[in-house]
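J.: here is a sequence with its predicted model. Questions after.
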Amino acid sequence: MLARLLRILIVVQVLCGAGLGYLLVRWAGQPDWCIPALAVLFPLATMLLVDLVSAWRARSGESVRLWWRALAGEFVAGLRIFLLRQPWTVHPPRVLPATGTQARVPVVLVHGYLCNHRVWDDVATTLRAHGHTVLAVNLEPLFTSIDAYAPILEAAVATLCQQTGARQVALVGHSMGGLAIRAWMRAHGSDRVARVLTLGTPHVGTRIEPRTRTPNGQQMQWQSPWLAELAAIESDTHRSLFRIALTPQDNIVFPQRAQVLSGIEPVVFHGIGHLQMCLDAAVIRWVADQLSEFTLAAPAA
């Protein structure tokens, strides 16, 4: 669903750029190469504008140098994920077996808002090399309650346990994916959870769009009732399973340093943007290190 939507968006942007180029050629006497040049540049310019606006609105008053570095990194991450990977997804997610020699806990990868499983390509490759069997899910439909994603996660956890013989899995969530994991744990408990890692998750909500009308968008608003209700039923034991990573230059989820759970000290990665957290080498190493202690559990009797 998302892949098709992104393909349509790219085509529209290319046509807009080509149309603008045609007008420049027809009415301003510009050379013919303006048409293909603007057709290519229009999607890139649109993405850069979106990143600039979001990064400016989310600025935290920390290092200006790191703000610019994060802006550049987020633009590159957007090109890789929104133009080169996600739109061209054809096959549904599937279980990817470990390639490492040491069998470790299987991992469910849960993407965020307006993304699909291709956001995890780099993370999945690293985790598989470290001995983890991986399943990256697609959260669909795109615009629904986060609670509605719990059955998708339940099916993924059951599949990994069945195929690997593990008693527990680890779950890694980016952005809204971390909230989907918390919603799944509210519905199904934590007995099958070895660890949960969240990257740039709006645990207390984001101020990016206070007027959103989508159900999941409303649930992710700053200090929303849904988030308050979710936090109220989580015990200290429940929260002890979580490890949180955030970036002060997050251009989507802000206030950035507020995005924590009670009793959990976050790991902070400086100079990277929101989407970039799924591609950054240091973040991926942190994810692998956090899961390295969990060898594959013995199969149930």
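T.: Perfect, I can see it now. Bear in mind that the values here come from a model prediction, so they are computed numbers and not experimental data.
J.: residue ranges for the helices of the stretch 1-150 of the chain, please.
T.: For the stretch 1-150 of the chain, helices defined by DSSP state H, counting those that start in this stretch occupy the ranges 2-28, 34-57, 64-78, 121-129, 150-164.
J.: got those helices as a markdown table, with mean pLDDT, mean neighbour count and distance to His274 columns?
T.: In this view, the C-beta of every residue, glycine as well, is placed from N, C-alpha and C. Formatted as a markdown table, the helices of the stretch 1-150 of the chain follow (pLDDT from 0 to 100; neighbours: other CB atoms under 10 Å; distance: least, CB to CB, whole Å):
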| stretch | mean pLDDT | mean neighbour count | distance to His274 |
| --- | --- | --- | --- |
| helix 2-28 | 95 | 15 | 17 |
| helix 34-57 | 96 | 16 | 8 |
| helix 64-78 | 97 | 18 | 7 |
| helix 121-129 | 98 | 18 | 15 |
| helix 150-164 | 97 | 17 | 22 |
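J.: counting neighbours, what do you get for the residue nearest to Leu44 when sequence neighbours are not counted?
T.: If the residues on either side of it in the chain are set aside, Leu44 comes closest to Leu79, at 7.3 Å by CB to CB, 6 or more residues apart in numbering. With neighbours defined by other CB atoms under 10 Å, the count for Leu79 comes to 15.
J.: Leu79 touches Ala45, doesn't it?
T.: No - between Leu79 and Ala45 there is no contact under CB atoms under 8 Å: 11.9 Å.
J.: tabulate the helices of the stretch 1-150 of the chain (TSV), appending distance to Leu96.
T.: Formatted as TSV, the helices of the stretch 1-150 of the chain follow (distance: least, CB to CB, whole Å):
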stretch	distance to Leu96
helix 2-28	19
helix 34-57	29
helix 64-78	22
helix 121-129	6
helix 150-164	11
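J.: so which of those helices comes closest to Phe254?
T.: Phe254 lies closest to helix 34-57 among those, at 8.0 Å (CB to CB).
J.: quick one: list the elements packing against the closest one.
T.: Helices and strands touching helix 34-57, by 3 or more CB pairs under 8 Å, 6 or more residues apart in numbering; DSSP states H and E, are helix 2-28, helix 64-78.
J.: any chance of those helices in a markdown table, plus distance to Arg94?
T.: Output for those, formatted as a markdown table (distance: least, CB to CB, whole Å):
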| stretch | distance to Arg94 |
| --- | --- |
| helix 2-28 | 15 |
| helix 64-78 | 24 |
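J.: for those, which one sits closest to Pro141?
T.: Here helix 2-28 is closest among the helices and strands packed on helix 34-57 (CB to CB), at 9.7 Å.
J.: does Leu48 touch Ala72 like I think?
T.: No - with contact defined as CB under 8 Å, Leu48 and Ala72 do not form a contacting pair (10.0 Å).
J.: right, and the helices of the stretch 1-150 of the chain - which one's nearest Glu265?
T.: Per CB to CB, nearest to Glu265 of those: helix 64-78, 20.6 Å.
J.: could you check how far that closest one is from the centre of its chain?
T.: Taking CA atoms, centre = their mean, to the nearest Å, one finds the center of helix 64-78 at 17 Å from the center of the full chain.
J.: nearest to Trp88, out of the helices of the stretch 1-150 of the chain?
T.: helix 2-28 (6.9 Å).
J.: other SSEs contacting that closest one?
T.: Counting contacts by 3+ CB pairs under 8 Å, 6+ apart, helix 2-28 packs against helix 34-57.
J.: now the helix it packs on and helix 64-78, what's the angle there?
T.: 130 degrees (axes from the mean of the first three to the mean of the last three CA atoms, to 10 degrees).
J.: got a list of contacts for helix 34-57?
T.: The contact list for helix 34-57, computed with CB atoms under 8 Å, 6 or more residues apart in numbering, reads 10, 13-18, 20-22, 24-25, 67, 70-71, 74-75, 78-79, 82-83, 208, 249, 251-252, 254, 273.
J.: name the helix or strand of this structure that has the lowest mean pLDDT.
T.: helix 236-239 (a mean of 90; mean pLDDT, DSSP states H and E).
J.: quick one: Ala231 and Leu261 touch, right?
T.: Yes - assessed by CB under 8 Å, Ala231 is found in contact with Leu261 at 7.3 Å.
J.: still on that earlier bit, just how off-centre is the least confident helix or strand of the chain within its chain?
T.: 23 Å.
J.: cool, stretch 70-87 as well?
T.: With CA atoms, centre = their mean as the basis, stretch 70-87 stands 12 Å off its chain's centre.
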